[in-house]
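Enquirer: compute the structure for the input listed below.
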Amino acid sequence: PKGKMAFAGKYEFEGDENYDAFVQKIGLSGDKVEMGRNCKIVTEVVQNGNDFTWTQHFPGGRTTTNTFTVGKEADMETMGGKKFKATVKIEDGKLVADFPNYRHTAEISGGKLVEISTSSGVVYKRTSKKIA
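Expert: Purely as a prediction, here's the structure:
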């Protein structure tokens, strides 16, 4: 892997693309769709080598945490709250995880956290700025 991936930090939602098309594609329920739209999610990443704790703080106090080690199967939770097992890999300096109905990548680009989820050709991109 080129360079050391420095994911650790706190990132606040800045913008996204294709949200509606993507959440329809993965079958999110209407209330979750509304809740997630332009939602000021704060993503907190704790990284210790290949061990990650990836927490999303939603307005109103709800949090989702995925803890994983690169290359090892881990219990994960989707955007919609479904639980499943996945193995996170590193490809071209990005973290890559295959969820049941979409592929998710995360990378640090220009000091921002850029996450891309792809489902049946629909690409959802979320950008978050570093706040800590």
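Enquirer: which residue is nearest the centroid of the chain?
Expert: Central residue of the chain (CA atoms, centre = their mean): Glu115, 5.7 Å from the mean position.
Enquirer: contacting residues for it?
Expert: If a contact means CB atoms under 8 Å, 6 or more residues apart in numbering, then Glu115 has 104-106, 125-128 as its contacts. Just so you know, the C-beta spots here come from the backbone N, C-alpha and C atoms, and that holds for glycine as well.
Enquirer: keep only those of these that are in strands.
Expert: When DSSP state E defines the strands, the subset of the contacts of Glu115 inside them is 104-106, 125-128.
Enquirer: rewinding a little: tell me how far the residue nearest to the centre of the chain lies from Gly30.
Expert: As judged by CB to CB, to the nearest Å, Glu115 and Gly30 stand 23 Å apart.
Enquirer: pull the contacting residues for Glu17.
Expert: For Glu17, the contacting residues are 123-125, taking CB under 8 Å, 6+ apart as the criterion.
Enquirer: if you count neighbours, what's buried in the helix or strand of the chain with the lowest mean pLDDT?
Expert: Using mean pLDDT, DSSP states H and E, helix 30-36 stands out as the lowest-scoring helix or strand of the chain, at a mean of 82. By 16 or more other CB atoms under 10 Å, the buried positions in helix 30-36 come out as Gly36.
Enquirer: next structured bit after that helix?
Expert: strand 42-48 (DSSP states H and E).
Enquirer: tell me the pLDDT of the residue nearest to the centre of the chain.
Expert: With respect to pLDDT, Glu115 scores 95.
Enquirer: between the contacts of Glu17, which has the most around it?
Expert: With neighbours set by other CB atoms under 10 Å, the maximum within these is found at Tyr124, which has 22 neighbours.
Enquirer: name the nearest residue to that one, ignoring sequence neighbours.
Expert: Taking CB to CB, 6 or more residues apart in numbering as the measure, Tyr124 lies nearest to Phe22, with 3.5 Å between them; neighbours along the chain are not counted.
Enquirer: and the one you found, helix, strand or coil?
Expert: helix (DSSP: H, G, I helix; E, B strand; the rest coil).
Enquirer: thought it was touching Ser119?
Expert: Yes: look at Phe22 against Ser119 with CB atoms under 8 Å: they come within range, at 6.3 Å.
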